[in-house]
Structure formats: C-alpha cells, structure tokens
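# here is my input, please return the structure:
(one chain, ligands or ions: 4)
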Amino acid sequence: QVVTEVLQAERAIHDEALPCDSAQNRLLIKNGKVVNEDGMVDSDVYVEDGIIKQVGRNLIIPGGTRIIDARGKYVIPGGIDPHTHMQLELMGAVSADDFYQGTKAALAGGTTMIIDFVIPKKNESLIDAYVSWRQNADEKVCCDYALHVGVTWWSDRVKEEMEQLCKEHGVNSFKMFMAYKDSFMLRDFELYGVFDKCKQLGAIAQVHAENGDIVAENTKKLLARGVTGPEGHALSRPEDVEAEAVNRACVIANQVVDAPLYVVHVMSKSAGDVIKQKRGQGQVVFGETIAASLGTDGTHQWNRCWQHAAAHVMSPPLRPDSNTPNTLLDLLVLDVLQVTGSDNCTFTASQKSLGQNDFSKIPNGVNGAEDRMSVIWEKGVHSGKMDPSRFVAITSTNAAKIFNIYPRKGCISVGSDADIVIWDANKTRTISAKTHHHAVDFNIFEGMECHGVPEYVIVSGRVCVDEGDVKAVQGFGRFIPTPVFPPYVYSMVQQREEEKVANSVPSAAVQNDTGDKPSTP
Ligand code: URP
Ligand code: ZN
Ligand code: ZN
Ligand code: ZN
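Ligands and ions are numbered 1, 2, ... in the order given. Coordinates of the predicted model:
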C-alpha cells in the first residue's frame, strides 16, 4: 500500500512537470543521424506526450511544435546506467551523490535512466529496504530509474520477499556479494539457493565476484606488515581473487542448471577471460564493466597524495596495469561483455579519510554516472574500435533487454519512451571536478579530453539538457518496473528446459495414435 501511495505521488509530480496539451509537449528533432543498436539512418523524430510518435522524413506535425536541428549530430537512445549507488550507506559513510545530485550528473552526461541497488542490512526485510529506497528516490530523481535488490542474507523469509518483489514491486534482479565478509557476503550454498530462486522467478542473479575470505586474510597480512595505505587495497585483492569468484559463480549457476548469471563490474582481464570461456561453453552469463575500468587504471592507488590514491579505491579494485582498459574495451567489442555501468558511489575526501590509517576502512567507490557516456565514446568510438551502433548497444540497448524494458527503453522507435540524446561528436570537453555535477570535489577522469558532447538530453519528451544547459527537475523521474522473464535472458534457458522435458519422457508414454515415436535424445 505504501508503494501504491508513493507511485501515485510520483505520477502527480511527473504530470505537473509535464503539462499536457502544450507546445512544450511536442518536439521535432530534424536532420539528425538516428542510431539504434542495429543500424543508423538519417531521419527526423517526432515526440508527443513523452513518447516517440513518428520516425521518418517529411513528417506531418502540428503547428507550434518545438524544432531542434540535429544536422551533423547523432540522435541516440538516452543512456541507461544499470549500476549506481546513490545515497548508499557503506563502510560507515553515506555516498555523497544523493538521488537528486547523482541523477542530475547522470543527465548532464547523457544518461536518462539509472538502475540503483537496494542494499538491505543483514536480517533486514528486503521489502522494507525497497520501500525506503523508493521513498528516497521518488522525491529526488531527475531521470527515470529502476531498482535491483541485494540479497545480503538468506532464509525462507528472504525467499518469500524475493517473490513478492518480483510479483508486486517491479523488481527482476538481485545482487549477491561474494566479498564484504561479515557484512553482505553470502556463502556458496546460499548463492546456490538464491540462483535457484531467481531461476524459478525468472529474475536475473547478479554477483559482485571477489573471494571475500581471501581478501580478509590478505588484508590481515598486509596490515600486520605495516602496509596501511590505499595501495594495500589493490594488493589485498589481486586479479585471481576476482577471476576465482567469477568462475565459482558460473559453476554454481551451472549446478542449479542453466541459471542465468550477470557479473557486475568486471574489472580485470582474467575475470573477462573466465566469462569468455563460459560463454563459449554455452553458459547464459552476461558481463558488465564500468566507466572507471575503461577510463583510468589502478596505478593511481600508488599516488603520493593520499587523497588522490584513496579516491581511486573501489571493489573489485582498478587494476595497476595500463593495458586492462584496452582489453576490457576489446571484450565489449567482441560481445564477451555486453553492458557498461558506472558503479557511481562517490565519497568526499573527508569520508575517504575514515581509512587514513587502514586501507580496509576507506569507503569503496568512485564517480562515473556523468562521464560514462563520454568516456566510452572517446575510448570506443572516437578511437575507431566500435561504431555508434555498438556504443548504443553497450550504453543502453543491452541493459534494456536484460532488465526487460526493451523496446520501451534503449531504442529510438515509434512507441518508445522519448528518452533521447543529441550527441555532437565534433565537440570536445575536458572532464574536471571543477565543472562536473557530482557532490564531490574529485573526479577520477580529471583532465581527460573527450570528443562527443550531449548537447540535448531528453527524458520522457522533456528537454533536461538544452544546448548543454542542465535543467534538471527534482522528482521528475519515474520508477520503471522491470518485469520477470526477459526473453533476451530466458528464451534459451526455457528452450533448454523444454528440450530436456521432451527428451526425458519415456517413449511409450508419448507414442501417439499414428504410432510416431519421439526423437531420441
Ligand atoms: O567499490 C564499490 N564498487 N562500491 C560500491 C559497492 C559495490 O560493491 O558495488
Ligand atoms: Zn559490487
Ligand atoms: Zn592529488
Ligand atoms: Zn556497485
């Protein structure tokens, strides 16, 4: 009931911000190059009441419609960032970007929807945590959003609540931590249980893949040796610790039998290799990497300036290897990885200094919601590694498909939400904490020059970035329910199940009256 009330309130705010039947409500984007994951076409786009109504040339439109000339520019689906942590309480601090500032920053960079993580405390009701997240987000979000829910403990009650979240609250994904021992970490038998439940529900099981036991042992050893600085963070959780957990999660998902798996923040070459191998063997596993791992690297954790080094601390860690960003980008090109997020979880310098004398107490997290699109365009498209269609696939379409909101989101087509970015690939901007919209005074991409600037960012037909000016409205965004059984994830799984059932029936039982025998397995 609380949720229904919250939903109604949120719709009222949205409708107020989007007056009906006014010229403001109609928009014609002319002369641009429309990019979808499957191709590019020179086309106009007409928007009315928050929906894309026409795509084509010589469109007949009502008078008084606002016209935006997109000649020489790309018209792309608004970015979907499937991995953010706004105002998250983590390691004794609350992340600095709240749902207002974080989504405003996202909008400024061309992202029109985020998927944030509800992280219940151990023994906390998942539903209570979800309701509290909805309340925090609904009053503040400037762009649309959905929610994943963390499963941080395991019991019959959690199982029931997962079901309720899927059936009544628009949740179709659950994140499990294999790290953060003593707070969020699940054991293997618990992961098995959650993956099994997810498969029954048609939900997506997501894992933070790092071996938490090994991290804890390495941490003790390093601290005992006097390694207390931010570099200790990277040293305590080397690549193997990530790759082992990715492999283990895949093995467990496979033991459940074809449970789909989504590995969040793939940060290392060896973790990427595991996913490549498992996909090659036919496992239904998806991989996400993040702006940070593509746009910077872990050598910064050795920076002489403590604040600078600590600002780069996140988990799994950025790798102290200058070639990792290129490799991860190649894996996105090859479809070993399908999705890019930001893992935006910002902490101020004073919050980071909780770990001044002990790296294991530095709140984990970096920025990325604002700069994700630019960083990926620069490293991917501007460099010539991928075309604009692949860019669209990895920044919006694939996330929309996996979380089952495609084609409402993630494409420019008739009937889709009018979440649109007019992207000027000829303009450049230099990333800086001095100009960004985040609530912190540090940016891990500081000084990076990016080709590709979101000149207009449109959410539900409302121009939220207008010729580069950010005009965010607090509370304007909507909660977007994510239905279970996304075909992109489950069609293969279901087909395999059906095949198995067909092949396991004793042949006599299915002999029909024409005497046909079923095919042998
Ligand atoms: O360091 C990180 N990634 N912080 C956010 C929480 C998480 O594990 O995703
Ligand atoms: Zn994580
Ligand atoms: Zn510094
Ligand atoms: Zn995260």
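# T112: how many residues sit nearby?
30 (other CB atoms under 10 Å). For glycine as for every other residue, the C-beta is placed from the backbone atoms N, C-alpha and C.
# could you do G63 as well?
6.
# how near is it to ligand 3?
As defined by CB to the ion, to the nearest Å, G63 lies at a distance of 56 Å from ligand 3.
# next up, the contacts around I362.
By CB atoms under 8 Å, 6 or more residues apart in numbering, the contact list for I362 reads M91, P230, H233, A310, V313, K352, L354, G355.
# buried stuff in stretch 184-201?
184-186, 190-199, 201 (16 or more other CB atoms under 10 Å).
# now do the end-to-end distance for stretch 293-303.
17 Å (CA to CA, to the nearest Å).
# what lies in contact with it?
230-231, 233-234, 265-267, 308-309, 311-313, 317-322, 324-325, 328-329, 340, 371, 375-376, 378-380, 444-445, 448.
# which among those end up buried?
By 16+ other CB under 10 Å, the contacts of stretch 293-303 give 230-231, 233-234, 265-267, 308-309, 311-313, 317-320, 324-325, 328-329, 340, 371, 375-376, 378-380, 444-445, 448 as buried.
# so which of those residues are in helices?
E231, H233, A234, H308, A309, A311, T324, P325, L328, L329, V375, I376 (DSSP state H).
# among the residues you listed, which are within reach of ligand 3?
H308 (CB under 5 Å from the ion).
# and of the ones in helices among the buried ones among the contacts of stretch 293-303, the nearest to ligand 1?
Checking those against ligand 1 by CB to the nearest ligand atom gives H233 as the nearest, at 9.7 Å.
# give me the pLDDT for that closest one.
At H233, the model reports a pLDDT of 98.
# correct me if wrong: it contacts P316.
No. Using CB atoms under 8 Å, H233 is not in contact with P316; the gap is 10.2 Å.
# gap between V284 and ligand 3?
43 Å.
# what's the burial count for that residue?
Counted with other CB under 10 Å, the neighbours of V284 add up to 19.
# looking at the residue lying closest to it once chain neighbours are set aside now. What's its pLDDT?
If the residues on either side of it in the chain are set aside, V284 comes closest to P260, at 4.3 Å by CB to CB, 6 or more residues apart in numbering. Looking at P260, its pLDDT is 98.
# I figured C345 hits L88, correct?
Yes. If you go by CB under 8 Å, C345 and L88 touch, sitting 6.2 Å apart.
# so what sits against both of the two?
Joint contacts of C345 and L88 (CB under 8 Å, 6+ apart) are S95.
# which SS class is E242?
helix (DSSP: H, G, I helix; E, B strand; the rest coil).
# also L59?
coil.
# contacts only, for it.
L59 neighbours (CB under 8 Å, 6+ apart): L28, D44, Y46.
# now, which of these lie within strands?
L28, D44, Y46 (DSSP state E).
# ok, what's across the strand from the first one?
Okay, so that is L28. Y46, I67 (DSSP bridges).
# from V463, how far out is it?
Look at L28 and V463: by CB to CB, to the nearest Å, they are 12 Å apart.
# joint contacts of the two?
R66, I68.
# what does the chain put close to ligand 1?
For the chain, the residues in contact with ligand 1 (CB under 6 Å from any ligand atom) are H85, H208, H265, M314, S315, D343, C345, N364, G365.
# what is the burial count for whichever residue of the stretch 201-350 of the chain sits closest to ligand 1?
Proximity to ligand 1, evaluated over the stretch 201-350 of the chain using CB to the nearest ligand atom, is greatest for M314 at 3.4 Å. Neighbour count of M314, defined by other CB under 10 Å: 25.
# for whichever residue of the stretch 1-150 of the chain sits closest to ligand 3, list the residues it contacts.
Ligand 3 sits closest to A96 of the stretch 1-150 of the chain, with a gap of 17.9 Å, by CB to the ion. A96 makes contacts with T346, F347, T348, Q351, H438, A439, V440, as judged by CB under 8 Å, 6+ apart.
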